[in-house]
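In: I would like to see how this sequence folds:
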Amino acid sequence: MTTAVTISDRAARRIGEILKGEGLGAMLRISVEGGGCSGFQYKFDIDRDRTDDDLVIEQDNAVVLVDSASQPFLAGSQVDFVDDLIGASFRVNNPNATASCGCGTSFSI
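Out: Now for the predicted structure:
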């Protein structure tokens, strides 16, 4: 059984702001790809098409899609939004990651 991916309130607010500027039907797609300095990396894209096997997370004005191939890598993760001295970004708190790079955009399992 796959544990759900969750979105923090901060991330939902920021995603909602971004999607509002993208027009009707825009959704944020989060996926996992091979690459990065640790083996896998997170990818964030604006998408207008969802597939039948997408995990759909709706919170406030945020709609987030996760494709079926990425779901096992993201199971139990929380997507957060941080705005600190080094910049603003989405951060995936992934319990499956055994290591990650310094900037947090790539990970290994």
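In: When you work out contacts or count neighbours from here on, use the C-alpha atoms and nothing else.
Out: Fine.
In: Show me the helices in this structure, by range?
Out: Taking DSSP state H to define them, one finds helices in the chain at 9-20, 71-74.
In: highest average neighbour count across these?
Out: For the helices of the chain, the largest average neighbour count (mean count of other Cα atoms under 10 Å) is found in helix 71-74, namely a mean of 21.
In: Kindly provide the whole-number mean pLDDT of it.
Out: Averaged over helix 71-74, pLDDT sits at 90.
In: Start the count at 34 instead of 1 going forward.
Out: Yes, from this point I'll number from 34; that puts the last item at helix 104-107.
In: distance between that helix and the chain's centre?
Out: With Cα atoms, centre = their mean, to the nearest Å as the basis, helix 104-107 stands 10 Å off its chain's centre.
In: so what does that helix touch, helix or strand wise?
Out: Contacts defined by 3 or more Cα pairs under 8 Å, 6 or more residues apart in numbering; DSSP states H and E place helix 104-107 against no helix or strand at all.
In: Contacts only, for F114.
Out: Residues in contact with F114 (Cα atoms under 8 Å, 6 or more residues apart in numbering) are 41, 43-44, 47, 121-124.
In: Among those residues, which one sits closest to P105?
Out: Of all those, P105 sits closest to R124, with 17.6 Å by Cα to Cα.
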